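Colleague: Sequence first, predicted model second:
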Amino acid sequence: MNESEHILRVRNLSKTYMQGKIPVHALSDVSFDVKKGEFMSIVGPSGSGKSTFLSMIGLLDKPTGGSVFIDGIEVTKASDREAPVIRREKIGFVFQHFNLIPTLSALENVDIAMRFARVPKGRRKERAVELLTQMGLRDRMNHKPSELSGGEQQRVAIARAMANYPAIILADEPTGEVDTKTRNMIVALLKELAEKGQTILIVTHDTAVSAQTQRVITMRDGMIASDTKAEQKYT
């Protein structure tokens, strides 16, 4: 596979923080590639570098060294003005705590992601309805987050992440706030999106989630300890 067929390329990514005069290496020389449509997870103990790594890919923080390419763009070279545009156009975020705007309906929460991208109003509504229907929420579109279950809120968040046709979805503990049945439904939904060509990277502590992904990267002490195909399945 040539480089143009990789949605994500990470090269020698490093991040060092200073605690007083002591350097802390949160990431150390991390490199790997992700293909279009790959459904993968990053696991590891607290302090292993998972969250730092996700922040680097999502342009929420800058690395000390190395490069990240998303859809052929070297995003680690993005200026402070360019970074929000790349995040909006290339990356969809799904968070553990949903991060929906409480005063807006499900439809409006999806719509607003496209409003910032200057998508015409008519197309925004059409796309929001399409995505929420895909998520099984056609009858819940006018409900606010407080009127939705945790699983429904997370499905709204996934629809919002999909709104601008992102190159990659970054999901940070997306099942951390839901019960087992809802967890299984959310993972099945993400898997279905990947089967349709959407690249998805999940950070999770839940081995039942990582076992459902095509590929599992285990991090330890800021480095990749292993990079394997998931073999277990949960019921």
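Modeller: Now that the structure is in, tell me what you want to look at. Because the structure is a prediction, the values reported are computed rather than measured.
Colleague: Can you mark which positions in stretch 88-107 are buried?
Modeller: Neighbour-count burial for stretch 88-107, counted by 16 or more other C-beta atoms under 10 Å, picks out 88, 90-96, 98, 100, 105-107. Yep, even glycine has a C-beta here, placed from its N, CA and C like the rest.
Colleague: Quick one: distance of that stretch to the chain centre.
Modeller: Mean-position distance between stretch 88-107 and its chain equals 11 Å (C-alpha atoms, centre = their mean, to the nearest Å).
Colleague: where in this structure is pLDDT low?
Modeller: Across the chain, the ranges flagged by pLDDT under 70 are 1-4, 230-235.
Colleague: again, 80 this time
Modeller: Within the chain, the stretches with pLDDT under 80 are 1-5, 229-235.
Colleague: the strands in it, which residues?
Modeller: 6-19, 22-35, 39-43, 65-70, 73-74, 91-95, 168-172, 199-203, 215-220, 223-228 (DSSP state E).
Colleague: Out of the ones you listed, the one nearest residue 130 is which?
Modeller: With C-beta to C-beta as the criterion, residue 130 lies closest to strand 91-95 of the strands of the chain, at 15.2 Å.
Colleague: Tell me what the residue nearest to residue 94 when sequence neighbours are not counted is bridged to.
Modeller: Of all residues not flanking residue 94 in the chain, residue 171 sits nearest, at 4.1 Å (C-beta to C-beta, 6 or more residues apart in numbering). As for beta bridges, residue 171 partners with residue 94, residue 202 under DSSP bridges.
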